[in-house]
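Colleague: could you look at this predicted model? Sequence included:
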Amino acid sequence: MTNALTETFWDRLDSVQAAMLDAGGGRFVPMAPYADAEAGAIWFITADGTDVAKTAASGGIGKMMIADASANLYADLEGRMHIVDNPEKLSELWSMAASAWFEEGRDDPDIRLVKLTPTTAEIWATDGAAGFVFEIAKAKIADTQPDMGTHGVVNFRAAA
């Protein structure tokens, strides 16, 4: 199940527009994650001086929470963060939303590209609202626990 759940995670993460990221034990802040399953990484664009940038500059630990009903994905993830100087990757990820945060646009000197490499995650991949309603009804009739989809803990290093 772990490899299938890992694959499902990466597939569905592409649809997640915002996650909550904690860098270095501070506070969770909303960030736009950019999934890169091939590299086994989640990318973020942030500004110099933020908790995210400071933690990534020191190679610290980041924690990410996902609760996205439209992607049918819920996760509690941890991994190592790093600042990456890669103009090509930044150009690939750059969007209108990212440009709203930086006065000088894509070439703003305060931009920091952060790579979070997940190490572990507890993941719930659900079947969506219709599946949820069906499972609740079925459980009530049969007096059983509802099947809420796939759930498990993934060790990304072992899954790679």
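Modeller: Cool, the structure landed.
Colleague: pLDDT weak spots in this structure?
Modeller: 1-2, 128-149, 158-160 (pLDDT under 70).
Colleague: could you point out the longest strand in it?
Modeller: strand 111-125 (DSSP state E).
Colleague: parallel or antiparallel, which strands does that one pair with?
Modeller: strand 41-47 (antiparallel), strand 73-83 (antiparallel), strand 150-155 (antiparallel) (DSSP bridges).
Colleague: please name whichever of those strands is nearest to residue 35.
Modeller: Of all these, it is strand 41-47 that lies closest to residue 35, at 6.1 Å by Cβ to Cβ. Quick note: C-beta positions are derived from backbone N, CA and C, even for glycine.
Colleague: buried set for that closest one?
Modeller: For strand 41-47, the neighbour count (16 or more other Cβ atoms under 10 Å) marks 41, 42, 43, 44, 45, 46 as buried.
Colleague: ditto for stretch 67-80
Modeller: Buried, per 16+ other Cβ under 10 Å, within stretch 67-80: 68, 71, 72, 73, 74, 75, 77, 78, 79.
Colleague: re earlier: in JSON lines: the buried residues of strand 41-47, plus distance to residue 8.
Modeller: Output for those, formatted as JSON lines (distance: Cβ to Cβ, whole Å):
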{"residue": "41", "distance to residue 8": "17"}
{"residue": "42", "distance to residue 8": "15"}
{"residue": "43", "distance to residue 8": "20"}
{"residue": "44", "distance to residue 8": "22"}
{"residue": "45", "distance to residue 8": "25"}
{"residue": "46", "distance to residue 8": "27"}
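Colleague: I'd like the strands paired with strand 111-125 laid out as JSON lines, including distance to residue 110.
Modeller: Putting the strands paired with strand 111-125 into JSON lines (distance: least, Cβ to Cβ, whole Å) gives the following:
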{"stretch": "strand 41-47", "distance to residue 110": "5"}
{"stretch": "strand 73-83", "distance to residue 110": "12"}
{"stretch": "strand 150-155", "distance to residue 110": "34"}
